Every structure is written in structure tokens, then in C-alpha cells.
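> Here you go, sequence then predicted model.
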Amino acid sequence: MKYLSFIFFILTLFFFSGCNKKPEEKKNILGSYETNLDKYFEGYVGAFVLYDVNNKYYIRHNEEQCRKRLSPCSTFKIPNSLIALETGVANDENFTLKWDGTKQPIDSWNQDHTLKTAISNSVVWYYRELARRIGEEKMKYYVDKIDYGNKDISGGLDKFWLMSSIEISADEQVEFLLKLITNKLPFSERTVNTVKDIMTLDKNDLYVLRGKTGSGESKDIKRTQGWFVGYLTLGDNAYVFATNIETPENANGKKAKEITYEILKSLKLM
């Protein structure tokens, strides 16, 4: 009887020691590199979010700003493209709209454009026309369906994303793009693959980088902003990111993109 009691004691001790053992922390490539990102945002109020898909790991700079909703500006060209393709307004990346001859503020906009060239040149008139052809009912349906930011398109069918009613945070941009790359959006495989293709900015033997800039200015409150959002495919993993910056005068998508590139290089992802 004493022998059985001793065996029971040993088994109980082993069981509870196993339960109390802390699980091993996952080793993560991002944990090995610089995560203090203050120096990249000097002169700006800014946010950076990066999500390591395989390891389910976030890096955030300025968590309060990461949660702050801003106008998506031209980053909305990503969902606009998805909706246009899914509704049949655009049939593929070569869908062409004729320039109407109205002088545009950027020279590259003063010509006919396809879906592919319009997103790479961030052609505002092209995407405003796409939105008009999609129509308010279908646009609202899909913006709600994808749960995009505050989902408010009341600022005008062809301009609600241009420093107007719809707003989205850096955290929400990352969640939207994560749904895109994991096929959890209400779009066909063909639609998603087409948009992934036209988002491609850089492709080499090491990685594929896809993304979109966005710039905005609100003159009444003297504020400018810039976005760069996208994802980097590296081997069998993907890193989804969103950067935004704000200043009274000189924030824009080009600068947000430069900051993002610097951070990705510091993390040894590029």
C-alpha cells in the first residue's frame, strides 16, 4: 500500500510540474533585428505596422497612431480595383479608359490608361470613373462586406476616399491586406490574382514586394498625410505592412514609401 502511495505521489508531482512549465517562446526573424523605429519618423507623426504571417508576430511603431483612422487616399485603389473586377466593370488588367483631354496635375495622367498603368501611376481620374461605373449600391455593398475602415462612403461616390468620409487605420490596413493574401475576401481567385499582379512593385530572386502609396492634403486644417501599404513575400512567408505619416506641410506617399523601405532593410527583409 505504501508503495502504491509513493508511485501516486511521484506521478502527481510529474503532472503538475509539466502543467506549470512555461511554453517555449517562438523564435522569430524580426525579434533579432532593430525594433526601435523612432529615427525613421523624425519630423513626422507616423505609424508603422508589420505582421509576420507564418509566426503570427506584430511589430508596431506608435501604437496610438496605428489605431488612428485617416483617409486612405490612393491606397483605396486596391479595393476599388477588386470591386471593379468582381462586378465586371473592368474585365482584366488591360481594361482601358480614354483620357477626356482635361489637363491633369501630373503629366503621366494625361493619356489613356489601363487598370495596370492607372494603379502604378496612381491616376485619380481613372479610379473616379471606375467608381461611377460601379455605382453607389454595389460600392456600398462591397465596402461593407470587406469591413473597410469606418465603411462611410457618404462623401461622394467618386471621391469618398480622397480626404473625405471613409477612413481607415494602419492596423485595419494590415488586416484588410492579410485577408487579401489569405483569400478571405469576397472576391474570386481571378480577381484577387489580378490585383496582386498589378500591385507588384519589385520582384527578384529573394522577394516579391507589392504595395500602394497614398497622399492627401487638407488645406482647411493645414495637414498633409502619406501612406504606403502592402506586403512582402519572402520564401514561404509573407510580411504585411502599413505606414502612415502626418505633418502640416510635406507628408506624402513617396516619403511613406521611403521610410518603409528603410525599415524593411533594417529588419533584413529586403
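Received it, and whenever you're ready, just let me know what you need.
> what about the stretch 151-270 of the chain, any weak spots by pLDDT?
Applying pLDDT under 70 to the stretch 151-270 of the chain flags no residue at all.
> I figured Glu172 hits Arg69, correct?
Yes - shown here, Glu172 and Arg69 form a contact pair, counting by Cβ atoms under 8 Å, at 7.4 Å. Where you see a C-beta, it was placed from the backbone N, CA and C, and this is true even at glycine.
> Now for these two: what residues contact both?
Between them, Glu172 and Arg69 share these contacting residues under Cβ atoms under 8 Å, 6 or more residues apart in numbering: Gly149.
> which of these two has more neighbours?
Using other Cβ atoms under 10 Å, the more surrounded residue of Glu172 and Arg69 is Glu172, with 20 against 14.
> in the stretch 51-200 of the chain, which spans are helices?
Shown for the stretch 51-200 of the chain, the helices assigned by DSSP state H, counting those that start in this stretch span residues 63-67, 77-86, 115-120, 124-134, 136-145, 170-181, 189-198.
> Relative to Leu234, which of the ones you listed is closest?
Closest approach to Leu234 among the helices of the stretch 51-200 of the chain (Cβ to Cβ): helix 170-181, 12.8 Å.
> The closest one relative to helix 189-198, how many degrees between them?
Angle, helix 170-181 to helix 189-198, by axes from the mean of the first three to the mean of the last three Cα atoms, to 10 degrees: 120 degrees.
> Offset the numbering so it begins at 49, please.
Shifting the count to begin at 49 puts that one at helix 218-229.
> Compute the inter-axis angle for helix 218-229 and helix 125-134.
30 degrees.
> burial measure for the nearest residue to Val256 once chain neighbours are set aside, as a count.
Of all residues not flanking Val256 in the chain, Thr281 sits nearest, at 4.4 Å (Cβ to Cβ, 6 or more residues apart in numbering). A count of nearby residues for Thr281, using other Cβ under 10 Å, gives 18.
> can you tell me which residues contact Thr281?
Counting by Cβ under 8 Å, 6+ apart, Thr281 has contacts 255-258.
> In ChimeraX, select just the buried ones from these.
Remark: buried members of the contacts of Thr281, expressed as a ChimeraX selection using 16 or more other Cβ atoms under 10 Å:
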select :255,256,257,258
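> Present the contacts of Thr281 as CSV; the columns should include distance to Ile194 and secondary structure.
As requested, the contacts of Thr281 are exported to CSV (distance: Cβ to Cβ, whole Å; DSSP: H, G, I helix; E, B strand; the rest coil):
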residue, distance to Ile194, secondary structure
Tyr255, 26, strand
Val256, 23, strand
Leu257, 23, strand
Arg258, 18, strand
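> what's near enough to touch Val93?
Contacts of Val93 by Cβ under 8 Å, 6+ apart are 110, 113, 293-295.
> among those, which are in strands?
Those of the contacts of Val93 mapping onto strands are 293-295, per DSSP state E.
> Now rank those residues by neighbours and give me the top one.
Ranked by neighbour count (other Cβ under 10 Å), the ones in strands among the contacts of Val93 have Ile293 at the top, with 26 neighbours.
> ok, now how distant is that residue from Lys303?
Distance, Ile293 to Lys303, by Cβ to Cβ, to the nearest Å: 6 Å.
> list the residues that contact both of these two?
92, 274.
> What residues sit buried inside stretch 238-254?
Buried, per 16+ other Cβ under 10 Å, within stretch 238-254: 239-240, 242-244, 246-247.
> And for stretch 92-108?
For stretch 92-108, the neighbour count (16+ other Cβ under 10 Å) marks 92-101, 107-108 as buried.
> could you dump the ones in strands among the contacts of Val93 to TSV with distance to Ser156?
Converted to TSV, these look like this (distance: Cβ to Cβ, whole Å):
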residue	distance to Ser156
Ile293	23
Glu294	26
Thr295	25
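> Go through these and name the one nearest Glu134.
Proximity to Glu134 was ranked across those by Cβ to Cβ; first place goes to Ile293, at 31.4 Å.
> is it true that that closest one touches Gly264?
No - using Cβ under 8 Å, Ile293 is not in contact with Gly264; the gap is 11.0 Å.
> Determine the residues that are contacts of both of those two.
By Cβ under 8 Å, 6+ apart, the residues touching both Ile293 and Gly264 are 273-274.
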